[in-house]
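Engineer: this is the structure alone, sequence omitted:
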């Protein structure tokens, strides 16, 4: 299968060969029960809700719905992710959660991240090793620098439609 951006994915063979590299951190984004049952050896656990900010109950927050930078820095550091670490994400939900972490890392300036092609199910189907032992990563320092260019707000498409030539083929509804 050909992909538009294959550099954003990593193959299971590569992960198996490099899982123990000091500068590689594998992050399992499945629910805790699934991680406890079995995961890729060396993978640390991080379900998605740990880095999603709660929506403002007043409805005034039109932000990114991610943790504030300082909290995300502490979380990544506790998982052994530094700014130089290659992060491999995976889950058991067709990469839905793993790609969300991929985006949050990119949002905070960490572009050295890939999603495991085929995720947990492919890893299992190929008969690769699994473990139920939790991984404790050495703590490190992570620096988050938000990139607001990666966020599109609800009102941006409407504003863009009113600028001549901003969207090819788009017509202003007025």
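Structural biologist: Thanks, I have it. Remember, it's a predicted structure, so these values are computed and weren't measured experimentally.
Engineer: so what pLDDT did residue 148 get?
Structural biologist: With respect to pLDDT, residue 148 has a value of 84.
Engineer: poorly predicted segments of the protein, please.
Structural biologist: Across the chain, the ranges flagged by pLDDT under 70 are 48-64, 153-174.
Engineer: again, only this time at 50
Structural biologist: By pLDDT under 50, the low-scoring segments of the chain are 56-62, 167-174.
Engineer: which residue is nearest the centroid of it?
Structural biologist: Closest to where the C-alpha atoms of the chain average out (CA atoms, centre = their mean) is residue 101, at 1.7 Å.
Engineer: now that one: closest residue in space, sequence neighbours ignored.
Structural biologist: Spatial nearest neighbour of residue 101, excluding adjacent residues (CB to CB, 6 or more residues apart in numbering): residue 89 at 4.8 Å. Bear in mind the C-beta positions are built from the backbone N, C-alpha and C, glycine included.
Engineer: so that neighbour makes contact with residue 114?
Structural biologist: Yes - taking contacts as CB atoms under 8 Å, residue 89 lies within contact range of residue 114: 7.5 Å.
Engineer: please enumerate the helices of the chain.
Structural biologist: Ranges of helices in the chain, per DSSP state H, are 12-18, 32-37, 69-78, 96-107, 119-125, 156-161.
Engineer: return the most buried member of these.
Structural biologist: For those, the largest average neighbour count (mean count of other CB atoms under 10 Å) is found in helix 96-107, namely a mean of 20.
Engineer: check which helices and strands that one sits against.
Structural biologist: If you count contacts as 3 or more CB pairs under 8 Å, 6 or more residues apart in numbering; DSSP states H and E, helix 96-107 packs onto strand 86-90, strand 113-116.
Engineer: need those in TSV with mean neighbour count and distance to residue 7, can you?
Structural biologist: As requested, the helices and strands packed on helix 96-107 are exported to TSV (neighbours: other CB atoms under 10 Å; distance: least, CB to CB, whole Å):
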stretch	mean neighbour count	distance to residue 7
strand 86-90	24	12
strand 113-116	22	8
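Engineer: count of neighbours near residue 5?
Structural biologist: Neighbour count of residue 5, defined by other CB atoms under 10 Å: 6.
Engineer: can you check residue 40 too?
Structural biologist: Residues lying near residue 40 (other CB under 10 Å) number 24.
Engineer: and it, what is it in contact with?
Structural biologist: Taking CB atoms under 8 Å, 6 or more residues apart in numbering, we find residue 40 in contact with 15, 19, 26, 28, 90, 120, 123, 128-131.
Engineer: repeat that for 7 Å
Structural biologist: Going by CB atoms under 7 Å, 6 or more residues apart in numbering, residue 40 touches 19, 26, 28, 123, 130.
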